[in-house]
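Undergrad: Could you work out the structure for the sequence below:
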Amino acid sequence: MSYAEVYRRSIDDPNGFWLEQSAAIDWEEAPTQALFKARAPIFEWFKDAQVNTCWNALDRHVAAGRGAQTAVIYDSPISGTRQDITYAEMLERVARLAGALQAKGVTKGDRVIIYMPMIPQALEAMLACARLGAVHSVVFGGFAARELATRIDDATPKAVIAASCGLEPGRVVEYKPLLDGAIEMAAHKPEFTVIYQRDQAVADLMQGRDHDWETFQSGATPAECVPVSGDHPAYILYTSGTTGNPKGVVRATGGHLVALAWSMKNLYGVDPGEVFWCASDVGWVVGHSYIVYGPLIHGATTVVFEGKPIGTPDAGTFWRVIEENKVVSFFTAPTAFRAIKREDPKGEFLKKYDTSSLRTLYLAGERADPDTILWAQEKLGVPVIDHWWQTETGWAICGNPQGLEKLPVKIGSPSVPMPGYDVQVLDEAGHQLPAGELGAIGIKLPLPPGTLPNLWNAEERFISSYLSAYPGYYETGDAGYIDEDGYVYIMARTDDVINVAGHRLSTGAMEEILAAHADVGECAVVGVADPLKGQLPLGFLCLNAGVTREPEAVIKECVALMRSKLGPVAAFKLAVVVERLPKTRSGKILRATMAKIADGEPFKAPATIEDMTVLDEIEIALQDIGFAKK
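TA: Numbering: from 1, shown residues only. The predicted structure follows:
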């Protein structure tokens, strides 16, 4: 079937379509229907079925005679470690850890927080929880103690599984003091912790509460898989909330399995046994879906990469991993490629490696500017597919389904909606806008399987946060338009659409223009307050490595470029050259925070910020051009 036929079927008959797709999963009790509407606008999937995630990710592949296939490749340039783990070995490790947890009283429905770096043991912990029907909540390793404490209080875990430390370029981040501080702050106290000791920093263990990873599992009886209902929570993943309190996104087990199984072949074009690499972290939704569950459910080989796109040791590390592991499909954030492009604009490092195994590059997590896509296409010689999704959705809202039908790539668009996503562009009153008009992007309910059915213990907040602004729709918080071919364009968060003298302008469109300048490696545009026009655009420019020209000359050219491409309506006259942009660890640029700094407003840096000192650099640069009150 063509993409158009598959998509239309998913919208016209979601129950029938997804029931057919569920055949890719091993069920303890198969579903008799897919979609349950009784609690609308809360929709549920596969709730009459019984299933186990770990069985589908490990046991069934071993039972089918593929236990000797590599399941996990651990590649850690930051520690100099390389390890291949087969499906049979992963199953043995996971079943033993699950048995040890079970012996300590962890049962179906209990929560377990996992606080670990990018090491295979993080995957083992996640899958061990899934094996028991326990609900895991992975918190990015190294998160501040206070932020970890809020998650402990919300999830009320029976246990915490952590590592003694994580590794960053040039430093070791000790996790145990952060975990101890979080437990001390939290009102809820976990019954016990399990600590995986790394050689780079061995943690002191508290007698009675803390258990050494190896000792804890020694002699444990391997646990069998515990079936759960299709609507049982597989995990809780916390995302930033506008109130400052994190929102616990829930992922239901049945829909999660079905959606990820469909996407691995149809969206990413990967076959069982091939190597799929998602260069993210298990602390983010991308890591959950496409480092751990998606590849293993599909029977592919997944790469666990502990390193950075540059600096571990250089801008060629991605190419080395692709060559050595014969990666066929690679998924990373645009910000990683911008960092590589800025460090090595001519692609000299790439020439040292054979990346011929690679068929497709996928970008997501931050809007992929056309300049970065064109650079990657030219250097790698493969299709570069931008796709769009959110923590809440768990898999792509829009993409280019390479395993189903290779649609034309339109630079600047994440292509077309995936099955089940009825994407529409809405005006402020919730009316559908015609092709080409910029508006808020909503998704008509119900959302497809694999997306969030609710927030953890916060149904009213779920409805008010996502379902109230446009009744009958999920509010994405993104702004954009749909062209006459049905391709979706994500131009900005709705908060990033600025109003200049009554003209609604996309900061994303402006960033595209600035990124096209030969000397600009990365950029961001925010709206700043102006007494006459309401708002004015302010550009932040990071120059490519090796650029020696005066910043003022580059700024002058960028202003002229904006005027020629977008016209005087943009009123773009303000820009500043900075060394780096403030980002979250998943690569999102903190535009709203930068705008508040420029306007001299109080701000709270999000817990997910990669490096707090960047905000000081931004503030100083803005003060030098008359912004940000001293």
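
Undergrad: And Thr372, how far from Thr335?
TA: 9 Å (Cβ to Cβ, to the nearest Å). From N, CA and C alone the C-beta is placed, and that goes for glycine too.

Undergrad: Output stretch 394-405 as CSV - backbone C-alpha positions only.
TA: These are the backbone C-alpha positions of stretch 394-405, laid out as CSV (Å, rounded to 0.1, in the frame of the first residue of the first chain):
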residue,chain,number,x,y,z
GLY,A,394,6.6,9.1,22.0
TRP,A,395,7.1,8.6,18.3
ALA,A,396,7.0,10.8,15.2
ILE,A,397,3.9,13.0,14.5
CYS,A,398,5.3,13.7,11.0
GLY,A,399,8.1,12.0,9.0
ASN,A,400,9.0,10.5,5.7
PRO,A,401,8.2,6.8,5.9
GLN,A,402,11.3,5.4,4.2
GLY,A,403,10.3,1.7,4.7
LEU,A,404,6.8,2.3,3.3
GLU,A,405,7.3,4.8,0.5
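
Undergrad: Mind listing what's buried along it?
TA: Under the neighbour-count criterion of 16 or more other Cβ atoms under 10 Å, stretch 394-405 has Gly394, Trp395, Ala396, Ile397, Cys398, Gly399, Asn400, Pro401, Gln402, Gly403, Leu404 buried.

Undergrad: ok, now which ones touch the third one?
TA: Neighbouring residues of Ala396 by Cβ atoms under 8 Å, 6 or more residues apart in numbering: Ser263, Leu267, Ala364, His387, Trp388, Trp389, Pro414, Met418.

Undergrad: all helices for the stretch 251-400 of the chain, in order.
TA: Listed in chain order, the helices of the stretch 251-400 of the chain (DSSP state H, counting those that start in this stretch) span 253-266, 285-287, 294-298, 317-325, 334-343, 370-380.

Undergrad: Mind putting these into JSON lines with mean neighbour count, distance to Phe572 and mean pLDDT?
TA: JSON lines is the format used below for the helices of the stretch 251-400 of the chain (neighbours: other Cβ atoms under 10 Å; distance: least, Cβ to Cβ, whole Å; pLDDT from 0 to 100):
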{"stretch": "helix 253-266", "mean neighbour count": "27", "distance to Phe572": "39", "mean pLDDT": "98"}
{"stretch": "helix 285-287", "mean neighbour count": "24", "distance to Phe572": "33", "mean pLDDT": "94"}
{"stretch": "helix 294-298", "mean neighbour count": "27", "distance to Phe572": "41", "mean pLDDT": "98"}
{"stretch": "helix 317-325", "mean neighbour count": "21", "distance to Phe572": "33", "mean pLDDT": "98"}
{"stretch": "helix 334-343", "mean neighbour count": "23", "distance to Phe572": "21", "mean pLDDT": "90"}
{"stretch": "helix 370-380", "mean neighbour count": "19", "distance to Phe572": "17", "mean pLDDT": "92"}
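
Undergrad: Reformat those as a markdown table; add distance to Val577.
TA: A markdown table is the format used below for the helices of the stretch 251-400 of the chain (distance: least, Cβ to Cβ, whole Å):
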| stretch | distance to Val577 |
| --- | --- |
| helix 253-266 | 40 |
| helix 285-287 | 31 |
| helix 294-298 | 40 |
| helix 317-325 | 27 |
| helix 334-343 | 13 |
| helix 370-380 | 17 |
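
Undergrad: Between the ones you listed, which one is closest to Pro31.
TA: helix 253-266 (6.9 Å; Cβ to Cβ).

Undergrad: Restricted to strands, list the buried residues of stretch 394-405.
TA: Residues of the buried residues of stretch 394-405 located in strands (DSSP state E): Cys398, Gly399.

Undergrad: low pLDDT regions in the stretch 351-500 of the chain?
TA: For the stretch 351-500 of the chain, residues meeting the criterion pLDDT under 70 lie at 494-496.

Undergrad: so where do the strands sit in it?
TA: 360-363, 384-386, 398-399, 416-417, 422-426, 439-444, 473-482, 488-493, 497-500 (DSSP state E, counting those that start in this stretch).

Undergrad: I'd like these laid out as JSON lines, including distance to Asp75.
TA: Output for the strands of the stretch 351-500 of the chain, formatted as JSON lines (distance: least, Cβ to Cβ, whole Å):
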{"stretch": "strand 360-363", "distance to Asp75": "18"}
{"stretch": "strand 384-386", "distance to Asp75": "22"}
{"stretch": "strand 398-399", "distance to Asp75": "26"}
{"stretch": "strand 416-417", "distance to Asp75": "33"}
{"stretch": "strand 422-426", "distance to Asp75": "36"}
{"stretch": "strand 439-444", "distance to Asp75": "36"}
{"stretch": "strand 473-482", "distance to Asp75": "33"}
{"stretch": "strand 488-493", "distance to Asp75": "31"}
{"stretch": "strand 497-500", "distance to Asp75": "40"}
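
Undergrad: Tell me which of those strands sits nearest to Leu205.
TA: strand 360-363 (40.9 Å).

Undergrad: Now do that closest one: which elements does it pack against?
TA: strand 327-332, helix 370-380, strand 384-386 (3 or more Cβ pairs under 8 Å, 6 or more residues apart in numbering; DSSP states H and E).

Undergrad: quick one: strands adjacent to the shortest one?
TA: In other words, strand 384-386. Strand 384-386 pairs in its sheet with strand 360-363 (parallel), by DSSP bridges.

Undergrad: ok, residues contacting the partner strand?
TA: Counting by Cβ under 8 Å, 6+ apart, 268-269, 328-334, 337, 372-373, 376, 380, 382-387, 399, 402 sit against strand 360-363.

Undergrad: Can I get that strand in PDB? Just the C-alpha atoms.
TA: Once non-C-alpha atoms are left out, strand 360-363 reads as follows in PDB (Å, rounded to 0.1, in the frame of the first residue of the first chain):
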ATOM      1  CA  THR A 360      19.400   7.400   6.000                       C
ATOM      2  CA  LEU A 361      20.000  10.100   8.500                       C
ATOM      3  CA  TYR A 362      17.100  11.200  10.700                       C
ATOM      4  CA  LEU A 363      17.000  14.500  12.600                       C
END
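
Undergrad: Distance from the chain centre to it, please.
TA: Its chain's C-alpha centre and that of strand 360-363 lie 14 Å apart, by Cα atoms, centre = their mean, to the nearest Å.

Undergrad: before we move on, what about stretch 28-48?
TA: 26 Å.

Undergrad: Go through the helices and strands packed on strand 360-363 and name the closest to Thr86.
TA: strand 327-332 (18.2 Å).

Undergrad: Taking their axis directions, the closest one and helix 370-380 sit at what angle?
TA: Going by axes from the mean of the first three to the mean of the last three Cα atoms, to 10 degrees, strand 327-332 is angled at 160 degrees with respect to helix 370-380.

Undergrad: residues making contact with strand 327-332?
TA: 268-270, 274-280, 286, 290, 303, 309, 318, 321-322, 357-364.

Undergrad: starting at the chain centroid, how far to stretch 518-528?
TA: For stretch 518-528, the distance to the chain centre is 23 Å (Cα atoms, centre = their mean).

Undergrad: Just the buried residues of that stretch, please?
TA: For stretch 518-528, by 16+ other Cβ under 10 Å, it's Asp519, Val520, Gly521, Glu522, Cys523, Ala524, Val525, Val526, Gly527, Val528.

Undergrad: Also stretch 171-178?
TA: Quick answer for stretch 171-178 (16+ other Cβ under 10 Å): Glu174, Tyr175, Lys176, Leu178.

Undergrad: The second one and Gln207, how far apart?
TA: Between Tyr175 and Gln207 the distance is 19 Å, computed by Cβ to Cβ.

Undergrad: try Asp530
TA: 61 Å.

Undergrad: for Ala509, same thing?
TA: 59 Å.

Undergrad: more neighbours, those two?
TA: Between Ala509 and Gln207, counted using other Cβ atoms under 10 Å, the more crowded position is Ala509 (18 against 5).

Undergrad: Right, I'll leave it there.
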